[in-house]
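# When you get a sec, could you give me coordinates for this:
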Amino acid sequence: MNLKAGLWQQQTLKLTMTQELTQAIALLQYSAMELNAFLENKALENPLMQIENGNVQPMNPLIDRNRKKSQKAEKDWIEQIAGKTVNSLENQLISQLNLRKLTPEQLKTIRHLIHNLDENGYLSGDLADMAKMLKVSEEFVEECLIIIQTLEPVGIGARNLQECLLIQIEWEYPDHELAHKIISDYFVPFADKKWKQIAKELQVSLKDIQEVFDLIQLLNPKPGALLGHEDTTYVIPDVIIEKYGDEYTIRMCDDSMPRLSFNDGYYKKFSGVQGQDPSVVKFLQDKMQDYQWIMKSIEQRKETLTKVVAKILEKQVPFFQKGPHYLLPMIMKDIANELEIHESTVSRAVREKYVQTPIGTFPLKSFFTSTIQTTSDENTSSTLVKKAISSLIEREDKQKPLSDQDIVEQLKNAEGMVISRRTVAKYRDQLGIPSSSKRKRFN
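Sure, this is the predicted structure:
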């Protein structure tokens, strides 16, 4: 190995990510809302870029004054649709208490405990730590927690799922001793469906335990969710597919997009000055180039997205004609090869984007599913396989539920779908369907 120091020339070829290229890639993967935010920030940085929201109308003070009453009425019902929650969890729980019977110390502790309830209504935190913080005894904090646990919805303030179910059983089914015994002493084996062991120790039948299981299904494992209110979220489609007769048309949804224009007055004002500072000239050149690159990147984004959606429409005609259950197998590589672009470009183009169609609004990513082999020459999609698995399990004999291997054989014989037992288990988990041992009923 030659370790001598020296100078020599070497010619190499490499791809460098310029700032403009990085920006073009970023714009492609932005959703409509992200792109709006990006452009608004850019307009603050670039004085040559003028931005105007197409959905903002100029105000007429005279007309506005005359329409105040009607606008107030309109505002009232609109706020009811998407307004933020005014009545908090604390207010809803405190309003159920008889404040006259509570000491200031109790009320303070109860408020502290309520502040430590999570979105499901469970108490997060250790009572000993809370007692130390509030400078009261742990028994006093426990008494205050019991007061909270008497409030609606039943089960609020529990420290875990087991306690939550016990509170609801004591309230809803106070005379059901078997249910109380099983949840308090055999909670984990009961959840794992090790019912024969429980039946033997309690000297009851499997049918009795099945009845307890059915009763538990009627309880609410997340009581706090009944008091919570999530803000309304909206989806803005990036592309709209419309049907006219037998033909489909594709158009970009630019209604929510801000309109960009070049601030020609600002540019002429500072560029036409004789003996202008070189730094000002360079600043104007950089900002003009930045504006041109953004406009070019937006057009490129629109062109790429339109091509990708057009190819999806071409390949998924049964989906648009008959519905989601007729989704054909398709991967991003198929689209990339036909459009002669990189697979990562397709991935960026469909990221966090939605398409509005005559049958509903869907994420663009939902059109890509893995291919499943069949006994015939045609392949099927993983979506159809999941639907078939779900249908088989719905029709099965619950006293003798189908094992994953049974499902494999039935899919092959009845539907012609060839998949492994491991794939069935994976799809079953994705569908939230338990294993055959946990689906079994004892009647």
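# Wait, a strand at Lys398?
No - counting by DSSP: H, G, I helix; E, B strand; the rest coil, Lys398 is not found in a strand; it is coil.
# so what pLDDT did the nearest residue to it once chain neighbours are set aside get?
Ranked by CB to CB, 6 or more residues apart in numbering and with sequence neighbours excluded, the top spatial neighbour of Lys398 is Arg441, at 4.2 Å. Glycine gets a C-beta too; all of them are placed from N, C-alpha and C. Note on Arg441: pLDDT of 81.
# dump the residue contacts of Arg441.
210, 398-399 (CB atoms under 8 Å, 6 or more residues apart in numbering).
# now it, what's its secondary structure?
Taking three-state DSSP, the label given to Arg441 is coil.
# and the gap between it and Trp195?
Counting by CB to CB, to the nearest Å, the gap from Arg441 to Trp195 is 11 Å.
# can you list residues touching both of the two?
Joint contacts of Arg441 and Trp195 (CB under 8 Å, 6+ apart) are Gln210.
# The chain - how does it break down into domains?
Annotated domains of the chain cover 90-226, 239-367, 371-439 [automatic domain parsing].
# Regarding this structure, what is its longest helix?
helix 278-315 (DSSP state H).
# what element comes up after it heading to the C-terminus?
helix 317-322 (DSSP states H and E).
# what comes up buried for that next one?
319-320 (16 or more other CB atoms under 10 Å).
# Then stretch 342-361?
Per 16+ other CB under 10 Å, stretch 342-361 contains these buried residues: 345-350, 353-357.
# the helices in the stretch 101-250 of the chain, which residues?
104-115, 127-134, 138-148, 161-172, 177-185, 187-191, 195-202, 206-216 (DSSP state H, counting those that start in this stretch).
# so what's the spatially closest residue to Leu107 that is not a sequence neighbour scoring on pLDDT?
Closest residue in space to Leu107, ignoring its immediate chain neighbours: Leu99 at 6.9 Å, by CB to CB, 6+ apart. pLDDT recorded at Leu99 is 84.
# how many neighbours does Leu99 have?
Per other CB atoms under 10 Å, the neighbour tally for Leu99 reads 9.
# swap in the one 4 residues further on?
For Thr103, the tally of surrounding residues (other CB under 10 Å) stands at 8.
# so what's the backbone phi/psi at it?
Backbone torsions of Thr103, given as degrees, to the nearest 10, read phi -80, psi 160.
# Tell me the one of the buried residues of stretch 342-361 nearest Gln162?
Nearest to Gln162 out of the buried residues of stretch 342-361 is Tyr354 (CB to CB; 40.9 Å).
# quick one: contacts for Pro363?
Each residue near Pro363 by CB under 8 Å, 6+ apart is listed here: 350, 352-354.
# In strands, which of those residues appear?
Tyr354 (DSSP state E).
# Can you lay out the contacts of Pro363 as CSV showing pLDDT and distance to Ile147?
Formatted as CSV, those follow (pLDDT from 0 to 100; distance: CB to CB, whole Å):
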residue, pLDDT, distance to Ile147
Val350, 90, 52
Glu352, 87, 45
Lys353, 90, 50
Tyr354, 91, 47
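# quick one: secondary structure of Thr361?
strand.
# mind putting the contacts of Arg441 in a markdown table, pLDDT and distance to Tyr173 included?
Shown next, in a markdown table, are these (pLDDT from 0 to 100; distance: CB to CB, whole Å):
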| residue | pLDDT | distance to Tyr173 |
| --- | --- | --- |
| Gln210 | 91 | 16 |
| Lys398 | 84 | 24 |
| Gln399 | 84 | 26 |
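# could you redo those residues as a markdown table and give each row neighbour count and distance to Leu27?
As requested, the contacts of Arg441 are exported to a markdown table (neighbours: other CB atoms under 10 Å; distance: CB to CB, whole Å):
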| residue | neighbour count | distance to Leu27 |
| --- | --- | --- |
| Gln210 | 15 | 58 |
| Lys398 | 11 | 53 |
| Gln399 | 9 | 58 |
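# Distance to Asp129 added to the residues you listed, as a markdown table?
Formatted as a markdown table, the contacts of Arg441 follow (distance: CB to CB, whole Å):
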| residue | distance to Asp129 |
| --- | --- |
| Gln210 | 41 |
| Lys398 | 46 |
| Gln399 | 49 |
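# tell me the mean pLDDT for stretch 333-348?
For stretch 333-348, the mean per-residue pLDDT is 90.
# Stretch 195-204 too?
What stretch 195-204 shows for mean pLDDT is 92.
# Then stretch 269-277?
Per-residue scores along stretch 269-277 average to 71.
# One more: stretch 294-301?
89.
# how about that stretch: buried residues?
Buried-residue list, stretch 294-301, by 16+ other CB under 10 Å: 294, 297-298, 301.
# One more: stretch 26-41?
27-30, 32, 35-36, 39.
# One more: stretch 117-125?
Under 16+ other CB under 10 Å, the buried positions of stretch 117-125 are 117, 120-123.
# Return the member of those nearest to Ile389.
Using CB to CB, the buried residues of stretch 117-125 come closest to Ile389 at Asn120, 29.4 Å.
# for that closest one, what are its contacts?
Per CB under 8 Å, 6+ apart, neighbours of Asn120: 221-225.
# Okay, now the unreliable bits of the stretch 51-200 of the chain?
In the predicted model, the stretch 51-200 of the chain carries pLDDT under 70 at residues 53-87.
# pLDDT weak spots in the stretch 301-443 of the chain?
371, 373-379.
# Please enumerate the helices of it.
So, for the stretch 301-443 of the chain - with DSSP H, counting those that start in this stretch - the helices run 317-322, 332-339, 343-350, 382-395, 404-410, 421-430, 436-439.
# Figure out which of these is closest to Gln149.
That would be helix 436-439 among the helices of the stretch 301-443 of the chain, by CB to CB, at 29.5 Å.
# Check the offset of that closest one from the chain's centre.
29 Å (CA atoms, centre = their mean, to the nearest Å).
# go on, stretch 234-241?
16 Å.
# Then stretch 33-47?
Taking mean C-alpha positions (CA atoms, centre = their mean), stretch 33-47 and its chain are 25 Å apart.
# same deal with stretch 319-337?
22 Å.
# re the thing from before, among the buried residues of stretch 117-125, which one lies nearest to Pro318?
For those, the nearest to Pro318 is Asn120 (40.9 Å; CB to CB).
# So which residues make contact with stretch 195-209?
Contacts of stretch 195-209 (CB under 8 Å, 6+ apart): 178, 181-182, 186, 189-190, 210, 442-443.
# So which bits of that stretch are buried?
For stretch 195-209, by 16+ other CB under 10 Å, it's 195, 198-199, 204, 208-209.
# what do you get for stretch 403-420?
Buried residues in stretch 403-420 (16+ other CB under 10 Å): 404, 406-408, 410-411, 415, 417-419.
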